[in-house]
Each structure stands twice: as structure tokens, then as C-alpha cells.
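1. Sequence first, predicted coordinates after that:
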2 protein chains.
Amino acid sequence: MTFETAPPRAEVEFHCSGKATGKMRNELDVRMVKPFTEPSHALATDEGPFHGGDASAPPPLALFVASLTGCLMTQVRAFAKRLGVQLNDLDVETRVCWDWAREGRTYETAPKSFEIDVKIDSDAPLADQLALVAAAKRGCFIEQTLGRQNTITHKLKTPEGWISAD
Amino acid sequence: MTFETAPPRAEVEFHCSGKATGKMRNELDVRMVKPFTEPSHALATDEGPFHGGDASAPPPLALFVASLTGCLMTQVRAFAKRLGVQLNDLDVETRVCWDWAREGRTYETAPKSFEIDVKIDSDAPLADQLALVAAAKRGCFIEQTLGRQNTITHKLKTPEGWISAD
């Protein structure tokens, strides 16, 4: 399927199976299942000494910030072609900051700031470059996700079956 | 720094430098810079035929879903120790779905659903396991981020310097 042959609307769905291994390492098998199935990707996360891990893989937040950066970059490049903006080169710098607070024996976190600097090498007029970034933001799955208040539903396996953990 | 020696409050910040290479591939260098600096992680994203890429690396959404899954798993394991819940094994299945809609020459997206199934192998009482999942949700940076409406600020480089692209 390509953009030209895609239906006007579709659902895009990803599944991930995570298995705890090592001290804090997780083996993650991720694949797109809609609108068509793609081969799965073997990924992993680990933690450093703070969490007693072996730092054998990037921490989850590194994957997260990389995914946001890569997603916006994909849209800028994909839409540059479609909007007729010549693009010689593209560099993006992303900074994401969270607040962290101890709460008894555990801790709580909250997002604080998201900043993305886009460096487009192009002879296109500035207005066209700004329009390209605006379209990329609307097309970026992860930016659109972060811009909304999402509900995540959790289930926990019990001997009697799955129950809600929310 | 460990949990025991960490201050009661801190900022956790990650930086990512993305460089467009190949047809749709992005080289991503990610590192934690606060509350302490960690070695950087070399990651990459690519796209498949839909976007004219070479599928030489996972797509950004695969990193994103893996980061969410890994983040919650990290918290479950880290907090199991602190809350005294014995944990023999942990498997998590995550499903994330987005709506995709063609809009002229580009497209727009919106998140639709987030489901996380947690399978804890433990002899601990169910109430303790549910309390563990609840604490893990509060401690999971990515879950807490997705549960809020975040503002992402963008800048674009021009010959005269950086300007707002929002």
C-alpha cells in the first residue's frame, strides 16, 4: 500500500510483546498489524545503575524521545515531496524534560517541556518551510498523541482471567 | 546516583539529535542530560515502502510503542522490590491504535486507543499486585505524559536565526 492507493481513512495499529529478562532488561517485539501487517522489530530497553540494571540497551525514555524526533522528521520529508518544498538536508534537535518526585517508597513523574528545533536546508521561501512544519506536526502520530489527554486501559492476569487494573 | 541518594525532587531531561540520511532513514543520538549525564544511545528510524523508505530500522511508532511498554515494565520491576511484591516473571502486551485520514496532499492523525495487558507471575495477593500496577502507572514517565495534554514548541532555523514555528 502507498499513499496513492491508501483508503481515505484507516486505522493504524501496533502491538508490542514485552518480556522481562536480565535484571531490568526488557525484550520487546513490536509490529504494525493495521492497516497491513509488517515484519516485527526486535527492540530492547534496559536501565543503568539507578535502577540496578546493566545498561545493555537504551532506557525507555531514549526510545521515546527518539520516536518523537524520528516521527516528525519522517513527516517533514514525506510532506516536503507532496507540498513541493525542495529539501536538501534536515536536522532536528529535541529536548524533553520531566519532573520527578519521591513519594514514599516509590516516585511520581510529570512532563514539563517539549522543544523541537528544526533545521531545514532548502531554497524554498520561509512561508513554504513554515507550512511544511505545520503539516508535519498535524501528520506526526506522536505529536498528535502528546497533544491530547489519552486514556490508557490496563488489565491484570489472574487465575480467574483478566481483570481491570484501572 | 541511586533512588536512595537522589534528592526528593529532580528534573529528568533527554536530548536527541536527529540527522536525515538515506531515503527516509534518520540517525538519532539520544542521551540523558539531567539529573546526571549518561552515555548517548545511537538509534535509528526508517520507513517501509509506504513512505518510500528502505525499512532499514524500525519505524518511529515501533520505538514509541516499545518505549511505553518498556517504561511501564521498568516501573513494575523497580517498584516490586520497594513495595515487597515478589515477582518471578513479567510479560506485558500493548496495543496502540491511531486514526489516519487523508487531507488533500498530506494526512492527519489522532490517537484512538491504548491497551496494556500485564501478566505478573507472583504469589503475592491480588490486592498487592493491583497496588503495584497502580504505583507503576504513576511512576511511568511515558504513561504520565500520555495522560496529559502537552504543548510542544517548535523553532525553525532561518538565515536570521531561530524563529517560532508554532
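-> Happy to help now that I have it.
2. Could I get the full set of helices for chain A?
-> With helices called from DSSP state H, chain A shows them at A:60-83, A:126-139, A:141-146.
3. can you map out the strands along chain A?
-> A:9-21, A:25-34, A:41-45, A:89-103, A:106-121, A:152-158, A:161-164 (DSSP state E).
4. okay if I get these as JSON lines plus mean pLDDT and distance to chain B?
-> Glycine gets a C-beta too; all of them are placed from N, C-alpha and C. Supplementary listing: the strands of chain A in JSON lines, determined by pLDDT from 0 to 100; distance: least, Cβ to the nearest Cβ, whole Å:
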{"stretch": "strand A:9-21", "mean pLDDT": "97", "distance to chain B": "4"}
{"stretch": "strand A:25-34", "mean pLDDT": "98", "distance to chain B": "4"}
{"stretch": "strand A:41-45", "mean pLDDT": "98", "distance to chain B": "3"}
{"stretch": "strand A:89-103", "mean pLDDT": "96", "distance to chain B": "4"}
{"stretch": "strand A:106-121", "mean pLDDT": "95", "distance to chain B": "4"}
{"stretch": "strand A:152-158", "mean pLDDT": "97", "distance to chain B": "4"}
{"stretch": "strand A:161-164", "mean pLDDT": "98", "distance to chain B": "7"}
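5. closest one to B:Thr69 among those strands?
-> Of all these, strand A:9-21 sits nearest to B:Thr69, with 4.4 Å by Cβ to Cβ.
6. where does the closest residue to A:Glu143 other than its chain neighbours land on pLDDT?
-> Using Cβ to Cβ, 6 or more residues apart in numbering or on different chains and skipping residues adjacent in sequence, the residue nearest A:Glu143 is A:Lys137, 5.3 Å away. Per-residue pLDDT puts A:Lys137 at 95.
7. quick one on the thing from earlier: could you dump the strands of chain A into TSV with distance to B:Pro59 and mean neighbour count added?
-> Shown next, in TSV, are these (distance: least, Cβ to Cβ, whole Å; neighbours: other Cβ atoms under 10 Å in any protein chain shown):
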stretch	distance to B:Pro59	mean neighbour count
strand A:9-21	9	19
strand A:25-34	7	21
strand A:41-45	8	20
strand A:89-103	16	17
strand A:106-121	18	18
strand A:152-158	21	17
strand A:161-164	29	10
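8. Indicate which one of these is closest to A:Glu143.
-> strand A:106-121 (8.4 Å).
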